[in-house]
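Visitor: Below is the sequence, then the predicted model.
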Amino acid sequence: MTVKPEHYDVIRKPIITEKATMASEHGAVVFQVAMDSTKPQIKEAVEAVFGVKVKAVNTTITKGKVKRFRGRVGERSDLKKAYVTLEEGQTIDVSTGL
C-alpha cells in the first residue's frame, strides 16, 4: 500500500499520556485525528504510514473546554482521538519521529 498525502491529513499526531501508555500495553496506539475522518480512513492511513495491520479502531470526540487565558475567556478546540488496536505482534514506536 502506498502512502498518499491525504493519509498525513487524517493522522495529526500521536497522543502520549498516562492513559495512552496504559492502552499501549494492550497493543493499542492513540492518535489525534481530523474531526471529519472516519474509522475506515483512519485504519487505511495507519496501515499505509506505519506498515502495520490494524485490528480495530475506536474513536472519541472531546468537546473543547471554556478556559481563561490571561483573564479573558477563551475556548479550547474540539479534539478527536482514535484508539487503534493492532494485530498480535505488531508495534508502533510513537516516541520516535516519522
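Guide: Received, thanks. Keep in mind that this is a model prediction, so the values were computed, not measured.
Visitor: how near is Lys39 to Ala45?
Guide: 11 Å (CB to CB, to the nearest Å). From N, CA and C alone the C-beta is placed, and that goes for glycine too.
Visitor: quick one: contacts for Lys55?
Guide: Applying CB atoms under 8 Å, 6 or more residues apart in numbering, we find Lys55 in contact with Gly27, Thr85, Leu86, Glu87.
Visitor: how about a cut-off of 6 Å?
Guide: Applying CB atoms under 6 Å, 6 or more residues apart in numbering, one finds that Lys55 lies in contact with Thr85, Glu87.
Visitor: Work out for me the element it sits within.
Guide: Element membership of Lys55 [criterion: DSSP states H and E] is strand 54-62.
Visitor: So which bits of that strand are buried?
Guide: Val54, Val57 (16 or more other CB atoms under 10 Å).
Visitor: circling back to that earlier point, who has more neighbours out of Lys39 and Ala45?
Guide: Counted by other CB atoms under 10 Å, Lys39 and Ala45 do not tie: Ala45 has more neighbours, with 25 against 15.
Visitor: Tell me the spacing between that one and Lys63.
Guide: Ala45 is 24 Å from Lys63, by CB to CB.
Visitor: again with His7
Guide: Distance of His7 to Lys63, given as CB to CB: 26 Å.
Visitor: between these two, who's got more neighbours?
Guide: His7 (19 against 10).
Visitor: does the more buried one sit in a helix, a strand or a coil?
Guide: For His7, the assignment made with DSSP: H, G, I helix; E, B strand; the rest coil gives helix.
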